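**Q** What follows is a protein structure lacking sequence information:
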């Protein structure tokens, strides 16, 4: 059974810091890995999608990597801003279902 | 493209009533839709998968008679919470794909519906 864990569960950093969010999974037989952002009381905003044949994706200040052999993905946020404050979720698709990680609540202090 | 909407965005109801939540794909045909539930400060948990024109597949522990799912068209799925109780209060999110249950689809998520049962 696929289990997805995100570390840390919560993170508070001063504005301008570069930071890394981690996502670990137990079954490497995945197809896609997707990172989402969720603001309080809101739905999901897709940030980056990495297909299983890819190793990383970049969008603006965000970079996500995927290492299937070690069961890890990281989301790198450069030059963090207060507007980046949200919960970040990783999700894996295996046998067509998405399994979500436990989430990291990020707070960027001005 | 690939926009999914949900209606209503928020609903408050009395215990014992039924509530219907709609999920629509606005610019693509959604052969498969998924319904998730999210309790406060927890992650999303898949409740059920519905394919257009067939019965929904429910995850273990989800009561199919309580959470009725209808996927009657390629752009609309509905989730009805029957005889809602306070413990059903949650954030319900749907997602949709345009590939029939294959492994490499991307899911497009709706904005969610917050249900509060008094």
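**A** Cool, the structure landed. No experiment lies behind these values; they were computed from the predicted model shown. Numbers count the residues shown, from 1 in each chain, chains lettered A, B, ... in the order given.

**Q** tell me the mean pLDDT over stretch B:87-104?
**A** Across stretch B:87-104, the average pLDDT comes to 79.

**Q** hmm, I was thinking of stretch A:31-39
**A** For stretch A:31-39, the per-residue pLDDT averages 91.

**Q** Tally up the residues packed near residue A:93, please.
**A** 24 (other Cβ atoms under 10 Å in any protein chain shown). Using the backbone N, CA and C atoms, a C-beta is placed for each residue, glycine as well.

**Q** For it, list each beta-bridge partner.
**A** residue A:32, residue A:98 (DSSP bridges).

**Q** separation between the closest residue to chain B within chain A and residue A:37?
**A** Residue nearest to chain B within chain A: residue A:43 (3.8 Å; Cβ to the nearest Cβ). To residue A:37, residue A:43 is 10 Å away according to Cβ to Cβ, to the nearest Å.

**Q** Contact partners for residue B:116?
**A** Listed by Cβ atoms under 8 Å, 6 or more residues apart in numbering or on different chains, the contact set of residue B:116 reads B:10-13, B:89.

**Q** now swap in residue A:71 and tell me
**A** By Cβ under 8 Å, 6+ apart, the contact list for residue A:71 reads A:24-28.

**Q** swap in residue B:75?
**A** Contacts for residue B:75 (Cβ under 8 Å, 6+ apart) come out as B:24-26, B:29-30.

**Q** Close to chain A: what parts of chain B are there?
**A** B:6, B:32, B:34, B:36, B:43-46, B:49, B:91, B:93, B:95, B:101-112, B:114 (Cβ under 8 Å from any Cβ of the partner chain).

**Q** hmm, 10 Å instead?
**A** Residues of chain B lying near chain A by Cβ under 10 Å from any Cβ of the partner chain: B:2, B:4, B:6, B:9-10, B:32, B:34, B:36, B:38, B:40-46, B:49, B:57, B:59, B:91, B:93-95, B:97, B:99-114.

**Q** Looking at the residues you listed, which are in strands?
**A** Mapping the residues of chain B next to chain A onto strands (DSSP state E) picks out B:4, B:6, B:10, B:32, B:34, B:36, B:38, B:45-46, B:49, B:57, B:91, B:93-95, B:97, B:108-109, B:113-114.

**Q** Just the buried subset of the residues you listed, please.
**A** By neighbour count, with 16 or more other Cβ atoms under 10 Å in any protein chain shown, those hold B:4, B:6, B:32, B:34, B:36, B:38, B:46, B:49, B:57, B:91, B:93-95, B:97, B:108-109, B:113-114 as buried.

**Q** Quick one, which of the contacts of residue B:116 are buried?
**A** Buried among the contacts of residue B:116 (16+ other Cβ under 10 Å): B:11, B:13, B:89.

**Q** Just name the closest of these to residue A:65, please.
**A** Proximity of the buried ones among the contacts of residue B:116 to residue A:65 (Cβ to Cβ) peaks at residue B:89, which lies at 37.5 Å.
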